[in-house]
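In: give me a model of this one.
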Amino acid sequence: MERRKVKEMNKKMKVYVVGHSGPEHNSIQSMHKTYEGAFKAWDKLRIDLLKDAENSLKRYESDKDRWHIEMYQKMVKNLSCKDPEKIDNGPHETPYILKWDLEE
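Out: The predicted structure is shown next:
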């Protein structure tokens, strides 16, 4: 009976972690049992970050310092990528999905 309990305690499971990272942070937003659930959360996060970048671009449209405009244009382009494997918004917030193997 004891052997059975030890076996049950060593169960492994996969989870998918959704978050975003940047030069000075790493923020985990949620964990999911399926990739499909993680992808939905990742896409929502990506769209939220994209909207923030678009709003910032609008704020700086009349700015004489072109670097703000260029930076936010690049962020909008990068965050428009719909593939979690290919998206790269570095050094700014980049959403991600990680697969973790957990043991009980």
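
In: stretch 21-36: which residues count as buried?
Out: 21, 30-32 (16 or more other Cβ atoms under 10 Å). Yep, even glycine has a C-beta here, placed from its N, CA and C like the rest.

In: just those: which are in strands?
Out: Cross-referencing the buried residues of stretch 21-36 against strands under DSSP state E gives 21, 30-32.

In: ok, those vs residue 65, which is closest?
Out: Lowest distance from residue 65 to those (Cβ to Cβ) belongs to residue 21, with 26.6 Å.

In: neighbours of the closest residue to that closest one other than its chain neighbours, just the number please.
Out: Spatially, and ignoring its direct neighbours in sequence, residue 21 is nearest to residue 94 (5.9 Å; Cβ to Cβ, 6 or more residues apart in numbering). Residues near residue 94, counting by other Cβ atoms under 10 Å, number 20.

In: can you give me the pLDDT of residue 94?
Out: If you check residue 94, the pLDDT there is 96.

In: against residue 72, how distant is it?
Out: Residue 94 sits 15 Å away from residue 72, taking Cβ to Cβ, to the nearest Å as the criterion.

In: and residue 20, what does it touch?
Out: Residue 20 is in contact with 26-27, 29, 45, 49, 93-96, counting by Cβ atoms under 8 Å, 6 or more residues apart in numbering.

In: what residues sit buried inside the helix or strand hosting residue 45?
Out: Element membership for residue 45, per DSSP states H and E: helix 35-59. Buried residues in helix 35-59, defined by neighbour count with 16+ other Cβ under 10 Å: 38-39, 41-42, 45-46, 49-50, 53-54, 57.
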